[in-house]
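Student: Fold the following and give me the result.
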Amino acid sequence: MEDFSEFVGLSRPTVSKYFNDPSSVRKKTRDTIEEALKKSGFKPNMFAVNLNRRRSNIIGIVVPSTLDPFFMALTRRIEIIASEAGFLALLLSSDGRADIEDEAVKTFRSMNVAGAIVAPVFRRGGSSSLDQLAKNIPIVYVDTPPDMGAAYVGTDNHQSFGLIVDYLCRSGEPPCYFGMPEVNTNAIERRNAYLDAMTARNLAPEILALSDAATWDFERFAFEEATRLFENVARLPTRTIVCANDRLAFGVIAAAWQKGLKVGHGPGCDIRIAGHDDHPLSQYACPPLTTVKQNYNDIGRLAIGLLFKLLGEKVEDSEIQNGRDQILLKSELMLRASA
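Tutor: Numbers count the residues shown, from 1 in each chain. As a prediction, the model looks like this:
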């Protein structure tokens, strides 16, 4: 920056003022700096610049997996809106592990991020590292909240399970429940949502007994567990299965195919399988998966909007301006061939 200031013939504070906010300097000065930038090819180290700011323009994002199309679609929406507002979104993966999530938090602290959007992993007793970060910067949680008081954008699981359970009961046998590993609070909340949906219809809930593995490899987990269950299909409480998420349903469908069971709704079908989320690959499963749709575009839009609100930025979205710091979105039933 010192070398560039000398090159352009202006003081270091003036040049620094331009990089912080180009509109804050006179047009003649701005034109001089921008012409010098073209000639010199100089680019400031934005990370270094942000370290010197009281509040940076970096927003941190942590998700459990950068291989999951759901999280990638969600974060892409956040990145686009952040960029349009002059913020840089930095994405890190926790790989579903608490220790890696802690390292991501340390990275954010060292980079002086302005705020963060986090899809947290499950820990009994909460996360001290995230709690500590929240004392210094605003955090908005997505996918699953760490507690009921946190700023959060996600799906109303009770509404969505009410939808899918109601449809499955009206169109055939009531569903039994294929749960997810307890890697985040969705595992508990969605199980409770299923229980409430069945109880509301005066039906006995049936939760399938699965192993207690704590893994984010949902497809493999479901495939192995369903393969074991399908060794004796007659012992299943019902031939309709609703899964806690679509990735589990993919594994259950694969296990059914391997066992020669025909998945679908109607004559000649052996079993019905439904999911939750409307994962980007759900419509391409074989057969296409009946599920309830989480709108990842809306979740991303509202999460970054809520973070801007907490940062004191101007937010045009009336849903955020007039709403609470916890936003639960309604889901939509997606009827396809699997159920």
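Student: roughly how far apart are Gln283 and Ala73?
Tutor: Per CB to CB, to the nearest Å, Gln283 is found 14 Å from Ala73. In this view, the C-beta of every residue, glycine as well, is placed from N, C-alpha and C.
Student: In terms of helices and strands, where is the residue lying closest to Gln258 once chain neighbours are set aside?
Tutor: Residue nearest to Gln258 in three dimensions, not counting chain neighbours: Thr227, with 6.8 Å by CB to CB, 6 or more residues apart in numbering. Taking DSSP states H and E as the criterion, Thr227 maps to helix 218-229.
Student: ok, which stretches of the stretch 51-200 of the chain are strands?
Tutor: Using DSSP state E, counting those that start in this stretch, the strands of the stretch 51-200 of the chain run over 58-63, 88-93, 115-118, 139-142, 152-155, 176-178.
Student: picking that back up, is the residue nearest to Gln258 in contact with Leu261, as I believe?
Tutor: No: if you go by CB atoms under 8 Å, Thr227 and Leu261 don't touch, sitting 11.1 Å apart.
Student: and the closest residue to Arg97 other than its chain neighbours, how many residues sit next to it?
Tutor: Spatial nearest neighbour of Arg97, chain neighbours left out: Val121 (6.7 Å); criterion: CB to CB, 6+ apart. Applying the criterion other CB atoms under 10 Å, we find 24 residues in the vicinity of Val121.
Student: ok, now the one 10 residues further on?
Tutor: The number of residues packed near Asp131 is 14, by other CB under 10 Å.
Student: got it, and Phe7?
Tutor: 14.
Student: Am I right that it sits in a helix?
Tutor: Yes: according to DSSP: H, G, I helix; E, B strand; the rest coil, Phe7 belongs to a helix.
Student: State the distance from the closest residue to Glu332 other than its chain neighbours to Tyr167.
Tutor: Using CB to CB, 6+ apart and skipping the chain neighbours, the partner closest in space to Glu332 is Lys293 (4.5 Å). According to CB to CB, Lys293 and Tyr167 sit 13 Å apart.
Student: again with Thr155
Tutor: Distance from Thr155 to Tyr167, by CB to CB: 17 Å.
Student: more crowded one of these two?
Tutor: Each of Thr155 and Tyr167 has its neighbours counted (other CB under 10 Å); Thr155 has more, 27 against 18.
Student: who's in contact with that one?
Tutor: Residues near Thr155 by CB atoms under 8 Å, 6 or more residues apart in numbering: 294, 299, 328-329, 331.
Student: which among the residues you listed gets closest to Val252?
Tutor: Lowest distance from Val252 to the contacts of Thr155 (CB to CB) belongs to Gln294, with 19.0 Å.
Student: Name the nearest residue to the residue positioned nearest the centre of the chain, ignoring sequence neighbours.
Tutor: Nearest residue to the geometric centre of the chain (CA atoms, centre = their mean): Asp143, 4.5 Å. Closest residue to Asp143 apart from its sequence neighbours, by CB to CB, 6+ apart: Ala119 at 4.0 Å.
Student: what about the one you found, how many residues close to it?
Tutor: Using other CB under 10 Å, Ala119 is surrounded by 26 other residues.
Student: May I have the predicted confidence score for Asn50?
Tutor: We have a pLDDT of 54 for Asn50.
Student: where do the helices sit along the stretch 1-150 of the chain?
Tutor: Using DSSP state H, counting those that start in this stretch, the helices of the stretch 1-150 of the chain run over 2-8, 12-20, 27-40, 46-52, 69-84, 98-110, 128-134.
Student: between those, which gets the lowest average pLDDT?
Tutor: Taking the mean pLDDT of these, helix 46-52 comes last: a mean of 55.
Student: got a list of what the residue nearest to Gln258 touches?
Tutor: 255, 258-259.
Student: go again using 10 Å as the cut-off
Tutor: For Thr227, the contact set (CB atoms under 10 Å, 6 or more residues apart in numbering) comprises 251-252, 254-256, 258-259.
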